[in-house]
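K.L.:
attaching a predicted model along with its sequence, questions to come.
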Amino acid sequence: MSEPTRDQERDLYRKMAKARALDIELVRWQRQGIIPAFPPSLGQEAAQVGMAAAIDQTRDFAFPMYREMGVALALDVDMLGYLGNHNGNWNGGSHDPMRHRFTPIQSVVGSNSPHAVGWALGQKLDGLDGVAVAFVGDGGSSQGDTHEAMNFAGVWNLPVVFFVTNNQWAISVPLSEQVAGGSIAARAAGYGFPGVEVDGNDVLAVRQAGLDAMARARRGEGPTLIEAKTYRRGPHATSDDPGRYRTLEEERRDGGEDPITRYRSSALERGVIDEAFLAEVDAEIVPWLEDIRTHLINLPPRDGSEIFENVYAELTSDLVEQRAAWSEGAQA
Amino acid sequence: MSEPTRDQERDLYRKMAKARALDIELVRWQRQGIIPAFPPSLGQEAAQVGMAAAIDQTRDFAFPMYREMGVALALDVDMLGYLGNHNGNWNGGSHDPMRHRFTPIQSVVGSNSPHAVGWALGQKLDGLDGVAVAFVGDGGSSQGDTHEAMNFAGVWNLPVVFFVTNNQWAISVPLSEQVAGGSIAARAAGYGFPGVEVDGNDVLAVRQAGLDAMARARRGEGPTLIEAKTYRRGPHATSDDPGRYRTLEEERRDGGEDPITRYRSSALERGVIDEAFLAEVDAEIVPWLEDIRTHLINLPPRDGSEIFENVYAELTSDLVEQRAAWSEGAQA
Amino acid sequence: MTDTQVIQPSTAETSIELLSVQQALNRALADELAADPRVLIFGEDVGTLGGVFRVTDGLQARFGKERVFDTPLAEAGILGTAVGLAIAGFKPVPEVQFDGFSYPAFDQIVSQVARYRYRSRGRMTMPITLRVPSYGGIRAPELHGESTETFWAHVAGLKVVSPSNAHDAYHLLRAAIQDPDPVIFMEPKSRYWQKSEVDVANSGGTSGAKIVRPGKHLTIISWGAMLGRAVQAAEAAAEDGVEIEVVDLRWLSPIDTQTIVESVGRTRRAVVVHEAARTAGLGAEVSARITEHCFDTLRAPVERVTGYDVPTPSGPLEDEQIPSVHRILLGVQKVLEYRRG
Amino acid sequence: MTDTQVIQPSTAETSIELLSVQQALNRALADELAADPRVLIFGEDVGTLGGVFRVTDGLQARFGKERVFDTPLAEAGILGTAVGLAIAGFKPVPEVQFDGFSYPAFDQIVSQVARYRYRSRGRMTMPITLRVPSYGGIRAPELHGESTETFWAHVAGLKVVSPSNAHDAYHLLRAAIQDPDPVIFMEPKSRYWQKSEVDVANSGGTSGAKIVRPGKHLTIISWGAMLGRAVQAAEAAAEDGVEIEVVDLRWLSPIDTQTIVESVGRTRRAVVVHEAARTAGLGAEVSARITEHCFDTLRAPVERVTGYDVPTPSGPLEDEQIPSVHRILLGVQKVLEYRRG
Ligand SMILES: Cc1ncc(C[n+]2csc(CCOP(=O)(O)OP(=O)(O)O)c2C)c(N)n1
Ligand SMILES: Cc1ncc(C[n+]2csc(CCOP(=O)(O)OP(=O)(O)O)c2C)c(N)n1
Ligand SMILES: [Mg+2]
Ligand SMILES: [Mg+2]
């Protein structure tokens, strides 16, 4: 056990609160037409901020899917760059993935886990002690790529943590129709490494499970699968209408206690935070959101010619010609 | 437990002996240039004949890979048709897969399991009680398709038996570098259905495990994974040279007792068979092999125009043209 | 060659209706489910939700969870399941949620769906229709706007069809489902909400290509979501007195060479328009076929107006990639102005 | 565009050696492993066994299990691992055992390997070389004799190269590994055991296409295992006084249009030869490009001599599918005899 310090706890709270606030704003901005679409993390803040707290960005590397906004935020990823994915500025986000050690957002469910495995193999070959963290969904656990990655990781005893956010839903498909056996954590035993189930709405528990798994991997003891059980409180994305597949009553019943309220009460009770701190966080959030909003709105559109860049290290002669044709055609 | 009758036991022995004899002949025929290549089942006869004995061809359906010659034989699949795969007459074999309820031979490792799942779903939808049997190798267990199939089968509680022949090798890759955790049977728990490990060199044990799993599936209780532990005593295929990756000593050590010798001793001891029966089987095998050999040698080559057939239900106009061009070009 | 008798739908009272492409597809699925008890619909979110584009809306409620159902999130598993169901005598109509998610199922489609009839010498047939919401035009994220037709058209054993309007959406989907061979059905997702007249009782023929606008100066060949822009370009050109014939290719495999060649034989000039990347796009095949058949009559090389050789961009940048009416007209102009050197 | 400086191999004493394609490839891998500590080789059976075609023979023994290693049997996992290794700064050289087994990795190749540079705006590069024993010619079973070039050539972000002889096998493989972009390296498996002269010290240039035989009456464009037959056809034609120029395309993406167009500009007639199915084969692209550039000079439509639109047959039937010298000559004759109507 590595008990968090008071500052660390405050940091956890601050990040969860910011993630929540930004998440709510992003949905609002989508309604206002500022961004075209967004997949909210509402209710997953404890899982996301808790796991991020276990990642050491001086040496580890995160392989997210598309619903890891809270992880990005907690890892101090350039949020404007990150959100560039969601406002259509650049698919995957335009944050620097090497500097932030956080890959571009991934849109093919399941395909990121083998990348984490390859990177982890690289650490082992280089004699380094970084750990790869693959973010997987309950839906993502069904994909063949996820299985192949876990098997590789097990065979090679690699420093990878498969962090499975079991939010009970893959768009409209509930866990019972997605995961045979019902437990994703239980899959790990089949690969010979530990599968840990953790209350994904308990930020301290997630952090601890994350730290344990990262330490284990760093010691060369191999992969861990963490299944953080939480709930996707919002729609799959802003375009989704959950009313078509679950009732509000079910949402209330299955969502459980809000992870932020829950942590706030406990932290207040334990004297880790106080009303003054909460007021400070609230005060911090307002201008921060406003700042992101202003920048997002003012983000200049990308020049169309960018579609020709970074296809290859150098423009091919075909692309040189095509770019010329494009610039003719663009004068519409 | 359903104890085999004396006739059933004799049948098991006869089929193992025939499978062995044919297997050895096929390797010889390959050396003689009668067939271009063959993947021997040497040492896997107990696993193959044992499982086949659990399949009821009036209602079940087998989804083999490419090393299930003993299964085909035990299921009375038209052997000349089946061997057409290996002599280059028709890829997949030209036996009637619907009549024999045994699909064409599959050459993409892992891809057959989802087919078994789909067929099993069809049984369930039709209210029938057939069971699909997917044949999987230790190597095949690594493929994403195998995982997806097991998860589907578990979620839908389908009548499928995943019969994994763990013969310790996938060409040159040993189990320890293939299967994380070391046990394929252990994977089943992660999907919420039973995983049974059975001595794949004990024909009666395999048969019993097969019967249990088939009965369970037929009762609507869902899938079972059977891991039959055996050993690939021969090369991966006639073109392979195992000396490059394992020593003869290792082969002797890891191969264990020959499954046929072992069953013969036990059956003799228990009085189920006697020397007269053994002589009868031996006498039967010789002309049977000769018959297959003669027919294989005399199998007329296929007419080249067959490449245009069965691409679609009807020849497209492109193919009509191309067949005409082919017949011009074929006059070389 | 791909002609199929379409069963008269029971619902047809007045036969012409104004439907969106999404409604027409939904109707076609419902009519097929009703007409043939072996038809099954499955995929991610196609059941309770009715599909992310609502193409399967209401079908589970009407036909039950045994006919219309959700699967776990695994495209290879979905297509592999379709193969098994086909062996068991069903007519599977699986969906992959977006074009780019056909890639995880590529092996099952190419090595299994396309070849099972061949491998089994006609004994195991694959009357599978894979619905693929396709092409760009909705500024979606990466891999949600792919034009995959080349991949399938190159694979023997598959048929590929793509409607450009609601009427064809209805009839071609029914024809695809009734087809004894596997069909990749590419839905123009940017047209889902576009309404036009559908005559459910009279298909007007579901085989081959269709001349959707006659003309005599030049032929544009296109399909799917691009067809509309081709017609707009033709309308714009008409104002300048240039009469463009527009051929809706519809079946991308097998290609109806005859209709194309007859048209270009008359117009002597051709432009092929598609969204997919240029190199090895289906436009190359169309171009090669036209040249092979019309070499003497062609007055200019066949012009290809296509996406560029870049990964399909997402968001607003997508607009740079998809041929605009302006770009189509530039291509037309180039062909019209061509003079032998 | 694909030009790369090839590092002088340390082993070169006398610079010309007689090597088989398999030996040349093995040598190239050894020299790259020796020259660059970031190069890694992995795949099914490439380690202890040295590959089913022995292309990686001896490399594990020489460079160790950390540089040359076996993987579990899972192609998507292999390519996904390559992506992660590339992010970690390695130069992965994975193998899929046979062409048809690239299909299970299709998604990782097309959606990940090809796009990571683009997606990350150049910050995460993919210097991956995927070795694919390719094409037919050894009468192997199904899916062991596929010609997959169209699939890759259509995908922006990938390069595709295929040697036709031992010299190019050596130099093109080294160039591919040194290339900063992902390269699909299609090895002509039927030529593995064919020996020819390799000048390890002098590549003679690794970029673009190569005119391997000059001629003035007609140009044949081909690549990989078919190149040899194209040359044989040219030799046979020469006996009748027909001088055929043979272009070895080598890089199937990006295509060296200039070399092709210059050649056809001179010869005025062209035949493109490949094993892959005809429809949407790379021959269509080559044909379209030639016609676009040489419309005025062409004396006959570009002829395609290709595999038929059937699943690649296996065993002896494979011979029916792969263009024979006779079929190439029929194509040549057709073009030579073409007269405008
Ligand atoms: C390979 C693939 N198939 C389908 C989709 C479409 N899709 C996007 S998100 C999603 C559900 C994912 O569920 P889960 O993994 O549980 O993650 P969550 O959305 O709950 O965070 C689906 C089906 C996709 N992006 N990739
Ligand atoms: C998808 C795929 N990848 C690679 C191969 C090449 N290959 C053929 S058999 C084999 C090993 C299979 O091992 P296993 O599943 O254990 O079956 P066994 O050969 O032992 O019966 C390999 C790699 C293949 N046929 N299919
Ligand atoms: Mg989920
Ligand atoms: Mg094995």
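P.N.:
That came in fine, so what should we check first? Residues are numbered from 1 along each chain as shown, chains lettered A, B, ... in the order given. Ligands and ions are numbered 1, 2, ... in the order given.
K.L.:
name the SS class of the nearest residue to A:Val198 once chain neighbours are set aside, please.
P.N.:
Spatial nearest neighbour of A:Val198, excluding adjacent residues (Cβ to Cβ, 6 or more residues apart in numbering or on different chains): A:Ala209 at 4.3 Å. Placement of C-beta: from N, CA and C, glycine included. What DSSP: H, G, I helix; E, B strand; the rest coil gives for A:Ala209 is helix.
K.L.:
for A:Ala209, give its distance to C:Leu79.
P.N.:
The gap separating A:Ala209 from C:Leu79 is 36 Å, by Cβ to Cβ, to the nearest Å.
K.L.:
so where do the helices sit in chain A?
P.N.:
Under the criterion DSSP state H, chain A contains helices at A:6-31, A:45-52, A:69-74, A:79-83, A:97-100, A:112-126, A:144-155, A:187-190, A:203-218, A:248-255, A:259-269, A:275-298, A:317-329.
K.L.:
list the residues that contact C:Ile260.
P.N.:
C:Ile260 makes contact with C:Ala209, C:Thr219, C:Ile221, C:Val247, C:Leu249, C:Ala270, C:Val286, C:Arg289, C:Ile290, according to Cβ atoms under 8 Å, 6 or more residues apart in numbering or on different chains.
K.L.:
residues in contact with the third one?
P.N.:
So the one you mean is C:Ile221. C:Ala209, C:Val247, C:Leu249, C:Ile260, C:Ala270, C:Val271, C:Val272, C:Val273, C:Val286.
K.L.:
the last one and chain D: what is the separation?
P.N.:
Separation of C:Val286 from chain D (Cβ to the nearest Cβ, to the nearest Å) stands at 8 Å.
K.L.:
what pLDDT does that residue get?
P.N.:
C:Val286 is assigned 98 on the pLDDT scale.
K.L.:
tell me the phi and psi of it?
P.N.:
The phi/psi pair for C:Val286 (degrees, to the nearest 10) reads phi -60, psi -40.
K.L.:
show me where chain C has helices.
P.N.:
Going by DSSP H, chain C shows helices at C:21-35, C:59-63, C:75-87, C:106-107, C:116-119, C:149-153, C:166-178, C:226-239, C:257-267, C:282-294, C:318-321, C:325-337.
K.L.:
quick one on the thing from earlier: mean neighbour count and distance to B:Leu299 added to the helices of chain A, as JSON lines?
P.N.:
What follows is those, written out as JSON lines (neighbours: other Cβ atoms under 10 Å in any protein chain shown; distance: least, Cβ to Cβ, whole Å):
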{"stretch": "helix A:6-31", "mean neighbour count": "19", "distance to B:Leu299": "67"}
{"stretch": "helix A:45-52", "mean neighbour count": "31", "distance to B:Leu299": "62"}
{"stretch": "helix A:69-74", "mean neighbour count": "26", "distance to B:Leu299": "62"}
{"stretch": "helix A:79-83", "mean neighbour count": "21", "distance to B:Leu299": "64"}
{"stretch": "helix A:97-100", "mean neighbour count": "18", "distance to B:Leu299": "59"}
{"stretch": "helix A:112-126", "mean neighbour count": "27", "distance to B:Leu299": "44"}
{"stretch": "helix A:144-155", "mean neighbour count": "30", "distance to B:Leu299": "38"}
{"stretch": "helix A:187-190", "mean neighbour count": "25", "distance to B:Leu299": "45"}
{"stretch": "helix A:203-218", "mean neighbour count": "22", "distance to B:Leu299": "57"}
{"stretch": "helix A:248-255", "mean neighbour count": "12", "distance to B:Leu299": "63"}
{"stretch": "helix A:259-269", "mean neighbour count": "17", "distance to B:Leu299": "69"}
{"stretch": "helix A:275-298", "mean neighbour count": "13", "distance to B:Leu299": "71"}
{"stretch": "helix A:317-329", "mean neighbour count": "17", "distance to B:Leu299": "50"}
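K.L.:
quick check: which of those helices is nearest to D:Ile128?
P.N.:
helix A:112-126 (10.2 Å; Cβ to Cβ).
K.L.:
longest strand anywhere in chain C?
P.N.:
Longest strand of chain C, by residue count under DSSP state E: strand C:270-277.
K.L.:
direction included, what does that strand pair against?
P.N.:
The strands beside strand C:270-277 in its sheet (DSSP bridges) come out as strand C:218-222 (parallel), strand C:303-307 (parallel).
K.L.:
now do the first one: distance to the chain's middle.
P.N.:
Read it as strand C:218-222. How far strand C:218-222 lies from its chain's middle: 16 Å, per Cα atoms, centre = their mean, to the nearest Å.
K.L.:
could you report the pLDDT at the residue nearest to A:Val198?
P.N.:
For A:Ala209, the pLDDT comes out at 98.
K.L.:
please apply the same query to the one 5 residues further on.
P.N.:
Each residue has a pLDDT score; the one for A:Met214 is 98.
K.L.:
and if you look at A:Gly329?
P.N.:
The per-residue pLDDT reported for A:Gly329 equals 77.
K.L.:
still on that earlier bit, may I see the ChimeraX selection of the buried members of the contacts of C:Ile221?
P.N.:
To isolate the buried ones among those in ChimeraX, judged by 16 or more other Cβ atoms under 10 Å in any protein chain shown, type:
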select /C:209,247,249,260,270,271,272,273,286
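K.L.:
max pairwise distance over the contacts of C:Ile221: which two?
P.N.:
Put simply, by Cβ to Cβ the two of the contacts of C:Ile221 set farthest apart are C:Ala209 and C:Val271, 15.0 Å from each other.
K.L.:
does the residue nearest to A:Val198 really touch A:Gly200, like I thought?
P.N.:
No - assessed by Cβ atoms under 8 Å, A:Ala209 is found out of contact with A:Gly200, at 9.5 Å.
K.L.:
find residues that contact each of those two.
P.N.:
A:Gly50, A:Ala228.
K.L.:
which residue comes closest to A:His95 once chain neighbours are left out?
P.N.:
That would be A:Gly81: by Cβ to Cβ, 6+ apart, it lies 3.3 Å from A:His95.
K.L.:
ok, the one you found to A:Asn89 distance?
P.N.:
According to Cβ to Cβ, A:Gly81 stands 9 Å off from A:Asn89.
K.L.:
now the longest strand of chain C: average pLDDT?
P.N.:
98.
K.L.:
and A:Asn89, its phi and psi?
P.N.:
Main-chain dihedrals, A:Asn89, degrees, to the nearest 10: phi -70, psi -50.
K.L.:
right, and it touches C:Ser314 too?
P.N.:
No - under the criterion of Cβ under 8 Å, A:Asn89 makes no contact with C:Ser314, lying 10.0 Å away.
K.L.:
can you tell me who the closest residue to ligand 1 within the stretch 151-300 of chain A pairs with across the strands?
P.N.:
Residue nearest to ligand 1 within the stretch 151-300 of chain A: A:Ala170 (3.1 Å; Cβ to the nearest ligand atom). Taking DSSP bridges, one obtains A:Val173 as the residues bridged to A:Ala170.
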